Every structure is written in C-alpha cells, then in structure tokens.
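Student: structure here, sequence nowhere to be found:
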C-alpha cells in the first residue's frame, strides 16, 4: 500500500497497517503521548498515541525530515 493510499484510510486503519506491515524502529514520549517510529515503504513514519484515551492522534510521515528524538534509541540493525 502506498503512502497516498494510507493517507486515505482512517487513522486507526492506517496505524494498524503500519504496525502489521512496517518495521518497528523505536518509541519516544512527548507530553504524555507515545510516539512510535516505524519504517513503511522504505520511509520513516510516526504513530502518535494518546494512552489515557487509547486513541491515535496523528500519523506523521517523516520523509525528508529529521527524527533526532529517536537517535539515542536507534539500533542500526533495524535500518537495513
């Protein structure tokens, strides 16, 4: 599924696809949100999750952007 097709899905459906088909890289926390970093279609993507309400708040495609918050957690074996 292309990123364009993922954008046309509901957040929950897109997140489920990314979790099932993508490669998990790392997780970070930001203002009580859990941000999981995956690689899907060869590109990094974040899933923002609000654990108290158990909802996906956004999916952020990082193509061309830095993901510095994750650098200390990255295992280069996951990037191949």
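Tutor: Done, it's in. This structure is a prediction, so every number in the text was calculated from the model and none was measured.
Student: from here on, just use CA atoms for contacts and neighbour counts.
Tutor: OK.
Student: and the strands in the chain, which stretches?
Tutor: 23-30, 33-40, 43-50, 55-61 (DSSP state E).
Student: gap between the second one and the chain center?
Tutor: The offset between the C-alpha centroid of strand 33-40 and the centroid of the whole chain comes to 3 Å, using C-alpha atoms, centre = their mean, to the nearest Å.
Student: kindly report the same for the first one.
Tutor: In terms of C-alpha atoms, centre = their mean, the gap separating the centre of strand 23-30 from the centre of its chain is 7 Å.
Student: now the angle from that strand to strand 43-50?
Tutor: On the basis of axes from the mean of the first three to the mean of the last three C-alpha atoms, to 10 degrees, strand 23-30 is oriented at 40 degrees to strand 43-50.
Student: and the last one, by the same measure?
Tutor: Interaxial angle, strand 55-61 versus strand 43-50 (the same axes, to 10 degrees): 160 degrees.
Student: from the contact counts, what lies against strand 55-61?
Tutor: Packing contacts for strand 55-61, counted by 3 or more C-alpha pairs under 8 Å, 6 or more residues apart in numbering; DSSP states H and E, involve helix 11-21, strand 43-50.
Student: buried stuff in the longest one?
Tutor: The reference is to helix 11-21. Neighbour-count burial for helix 11-21 flags 11, 14-15, 18-19 (criterion: 16 or more other C-alpha atoms under 10 Å).
Student: tabulate the residues you listed (CSV), appending distance to residue 28.
Tutor: Formatted as CSV, these follow (distance: C-alpha to C-alpha, whole Å):
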residue, distance to residue 28
11, 19
14, 20
15, 16
18, 17
19, 16
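Student: looking at the helices and strands packed on strand 55-61, which is nearest to residue 57?
Tutor: strand 43-50 (5.5 Å; C-alpha to C-alpha).
Student: so which residue is smack in the middle of the protein?
Tutor: Taking C-alpha atoms, centre = their mean, the centroid of the chain lies closest to residue 46, which sits 2.4 Å from it.
Student: what bridges to that residue?
Tutor: residue 37, residue 60 (DSSP bridges).
Student: that one contacts residue 33, correct?
Tutor: No - judged on C-alpha atoms under 8 Å, residue 46 makes no contact with residue 33 at a distance of 11.7 Å.
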